[in-house]
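Visitor: Sequence first, predicted model second:
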Amino acid sequence: MKRYVVGQDRSQSTLFPEVLDDYIAEDNPVRVVDVFVDELDLKDLGFEGAEPEVTGRPAYHPGTLLKIYIYGYLNRIQSSRRLERETQRNVELIWLTGRLAPDFKTIADFRRDNGKAIRRVCREFVVLCRSLNLFSDALVAIDGSKFKAVNGRDRNFTKHKLKARMQQLEESIARYLADLDRADRDPSTVTEARVEHLKEKVETVRAQMQRLKHLGEQMSQTPDEQISLTDPDARSMATSARGSGVVGYNVQTAVDAKHHLVVTHEVTNQGTDRAQLASMGKQTQAAIGTEKLTALADRGYYAGPEILKCEQAGINALVPKSHTSNNLAKGQFDKRDFRYNAAADEYRCPAGQRAIWRFKTIENGQTIHKYWSSACPRCPIKAQCTTGDYRRIARWEHEAVLEAMQSRLEKMPEAARIRRQTAEHVFGTLKSWMGSTHFLMKRLPNVRTEMSLHVLAYNLKRAMQIFGVVPLIKAIQA
Ligand code: SF4
């Protein structure tokens, strides 16, 4: 035994420190949680019970419950039942709460009933980071990722899924009925027990069909013709991996490129990022407190109206365009082969001809100008350009905004690398903290609260890494 590190005898009397505080080192992250919550004006943030009731049984102070949650999310303990257990046995939590151990229902109710206030706490930390001058570069990467909801794939129905499932059931019924017919024709081939079993199966499948028909009727009443049975707000969403998808939520983040802190986040149940750029950009502007903001985003965010809104708000959005033109796929000239001359309001085509303005039209609510050249029918390279009589070029009325963005993007070749390095690892970290089941709560407002707690925990950890625990505590108290 001498060659091993030996523990103490359990029956040995020990002089434990008499002060709980002695267990918690000066640079223990739990001290940051304690100081941060103590410095918040919980009443102003909208927490229920921030003022004690005059009558009735005394309640837990919201600060205590908020500390439990922030500690829990910092340490990957998100469930209220596990937090209840930890408050009884975890020395750090015992120190943090002053030996209070609320039951899991009190803990869970606090999170459910104070969603908005918890989201404001997350914003308060961003305000603190801003006051510490952490967002001085005003450069962010905006990105989105799909997070799983508490709703299995087979409890979500889209029109397509419902049709496929009904077809499957119809085929099953046909198979069972064929087996029953065979049994009728020649009873010796099928046992009586098997016949009973088949009859039961037919009944079960018919009941399932009825249920699906009922779901189909309900589905036709919803705006996006989709139903999720466990969490009604969750939606089926495609992910970047081909052919895969999740039933969940789309989490948007704007991450600061210098320190990788999450400046703004949002949870939506829209499957694509196309309508998110301007809203995320404006929220980030407000959070950083600057008019001058550069926002990098990937191709999924490329949408003219959103880029225009950013331009109008003074945001320098840099979003690459995906080149998915049909002409390019057919081996014909792409729109980029046509040069626009703003002074003359015309295009110069690859054959050197002038494609002049012809008319304007409204397509999908946007004003589009059309141009073409009279030289097309006699053009020697027409086969490379169009199969029609004339090659028509469409130009959105605000296309100049997109062209200006493209030229800014070309001057910043490192944009794609910065965007990837900034935004993507945040999602990786958050998902690994969340485990295989991402969200624990149902409904969009609750999921938003959960995400705010995760983002707050992430930002706290980052800030501790940047400053160190003791200087951060001093900065919070300053
Ligand atoms: S087909 Fe028309 S637009 Fe195309 S290269 Fe020839 S002249 Fe220009």
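Guide: Noted; the coordinates are in hand.

Visitor: Apart from its neighbours in sequence, what residue is nearest the residue in the stretch 151-300 of the chain positioned nearest to the ligand?
Guide: Residue of the stretch 151-300 of the chain nearest the ligand, by C-beta to the nearest ligand atom: R299 (27.1 Å). Any C-beta I mention is one placed from the backbone N, CA and C, and that applies to glycine too. Leaving out its chain neighbours, the residue that sits closest to R299 by C-beta to C-beta, 6 or more residues apart in numbering is S322, at 4.3 Å.

Visitor: Surely that neighbour and Y302 touch.
Guide: Yes. With contact defined as C-beta atoms under 8 Å, S322 and Y302 form a contacting pair (6.4 Å).

Visitor: Give me the number of neighbouring residues for I393.
Guide: 19 (other C-beta atoms under 10 Å).

Visitor: And the residue nearest to it when sequence neighbours are not counted, how far from the ligand?
Guide: Nearest non-adjacent residue to I393, counting by C-beta to C-beta, 6+ apart: Y371, 4.5 Å away. For Y371, the distance to the ligand equals 9 Å [C-beta to the nearest ligand atom, to the nearest Å].

Visitor: about what we covered before: so which of S322 and Y302 has more stuff around it?
Guide: Applying other C-beta under 10 Å to S322 and Y302 shows that Y302 carries more neighbours, namely 19 against 10.

Visitor: Contacts only, for the more buried one.
Guide: Contact analysis of Y302 by C-beta atoms under 8 Å, 6 or more residues apart in numbering lists R274, V319, P320, K321, S322.

Visitor: State the pair within the residues you listed that is farthest apart.
Guide: By the measure C-beta to C-beta, R274 and P320 form the most distant pair in those, at 13.9 Å.

Visitor: of those two, who's got more company?
Guide: P320 (17 against 13).

Visitor: Quick check: phi and psi at that one.
Guide: Per-residue torsions, P320: phi -70, psi 150 (degrees, to the nearest 10).

Visitor: Same check on E18?
Guide: phi -80, psi -20.

Visitor: so what does the helix or strand encompassing I118 touch, helix or strand wise?
Guide: Using DSSP states H and E, the element containing I118 is helix 115-131. Applying 3 or more C-beta pairs under 8 Å, 6 or more residues apart in numbering; DSSP states H and E, we find helix 115-131 packed against helix 42-45, helix 62-74, strand 262-268, helix 277-288, helix 444-467.

Visitor: tell me the average confidence for it?
Guide: Mean pLDDT, helix 115-131: 95.

Visitor: okay, now I368: neighbour count?
Guide: 15.

Visitor: How about K213?
Guide: The burial count for K213: 11, using other C-beta under 10 Å.

Visitor: what about the nearest residue to it once chain neighbours are set aside, how many neighbours?
Guide: In space, K213 comes closest to M166 once its chain neighbours are excluded; the distance is 8.0 Å by C-beta to C-beta, 6+ apart. Here the count is done by other C-beta under 10 Å, and M166 has 16 residues near it.

Visitor: And for I307?
Guide: Around I307 there are 25 residues (other C-beta under 10 Å).

Visitor: oh, and call the first residue 17 from now on, that's how I've got it
Guide: New numbering, starting at 17: the last item is I323.

Visitor: Now that it has come up, it's in contact with M421, right?
Guide: Yes. The criterion here is C-beta under 8 Å, and I323 meets it with M421 at 6.1 Å.

Visitor: what do those two both touch?
Guide: Shared contacts of I323 and M421, defined by C-beta under 8 Å, 6+ apart, comprise A333, V335.

Visitor: Contacts only, for Q382.
Guide: Q382 sits next to G320, P321, W412, E413 when contact means C-beta under 8 Å, 6+ apart.

Visitor: can you do 6 Å?
Guide: W412 (C-beta atoms under 6 Å, 6 or more residues apart in numbering).

Visitor: any idea how far R411 is from it?
Guide: Computed as C-beta to C-beta, to the nearest Å, the Q382 to R411 distance reads 11 Å.

Visitor: again with R364
Guide: 13 Å.

Visitor: Near the residue of the stretch 167-316 of the chain closest to the ligand, how many other residues are there?
Guide: Neighbour tally, R315, other C-beta under 10 Å: 13.

Visitor: Can you check the pLDDT for it?
Guide: 93.

Visitor: do the one 4 residues further on as well
Guide: On pLDDT, A319 comes in at 95.

Visitor: my guess is it contacts Q292, does it?
Guide: No. Between A319 and Q292 there is no contact under C-beta atoms under 6 Å: 9.2 Å.

Visitor: more neighbours, those two?
Guide: Q292 (22 against 17).

Visitor: Spell out which parts of the stretch 267-416 of the chain neighbour the ligand.
Guide: Contact residues (C-beta under 6 Å from any ligand atom) of the stretch 267-416 of the chain with the ligand: 365-367, 369, 371, 389, 391-392, 395, 397-398, 401-402, 407.

Visitor: Now tell me which helix or strand of the chain has the poorest mean pLDDT.
Guide: Sorting the helices and strands of the chain by mean pLDDT, DSSP states H and E puts helix 342-345 at the bottom, at a mean of 81.

Visitor: Helix, strand, or coil at the residue in the stretch 17-166 of the chain that the ligand sits nearest to?
Guide: Closest contact between the stretch 17-166 of the chain and the ligand, by C-beta to the nearest ligand atom, is at I158 (36.9 Å). Following DSSP: H, G, I helix; E, B strand; the rest coil, we place I158 in the strand state.

Visitor: what's near enough to touch the nearest residue to it once chain neighbours are set aside?
Guide: Among residues not flanking I158 along the chain, A313 sits closest, at 4.5 Å (C-beta to C-beta, 6+ apart). Shown in contact with A313 (C-beta under 6 Å, 6+ apart): I158, L293, V335.

Visitor: mind listing the helices for the stretch 117-266 of the chain?
Guide: 120-129, 131-147, 175-201, 208-237 (DSSP state H, counting those that start in this stretch).

Visitor: and the third one, what does it pack onto?
Guide: Packed against helix 175-201, as judged by 3 or more C-beta pairs under 6 Å, 6 or more residues apart in numbering; DSSP states H and E, are the following elements: helix 208-237.

Visitor: top strand in this protein by residue count?
Guide: strand 261-272 (DSSP state E).

Visitor: Where does pLDDT dip in the stretch 317-466 of the chain?
Guide: Applying pLDDT under 70 to the stretch 317-466 of the chain picks out no residues at all.

Visitor: Let me see the ranges of the helices in the stretch 267-416 of the chain.
Guide: 293-304, 320-329, 342-345, 415-426.

Visitor: Any idea which of those gets closest to A360?
Guide: helix 415-426 (14.2 Å).

Visitor: Now the closest one: buried residues?
Guide: V417, L418, M421, L425 (16 or more other C-beta atoms under 10 Å).
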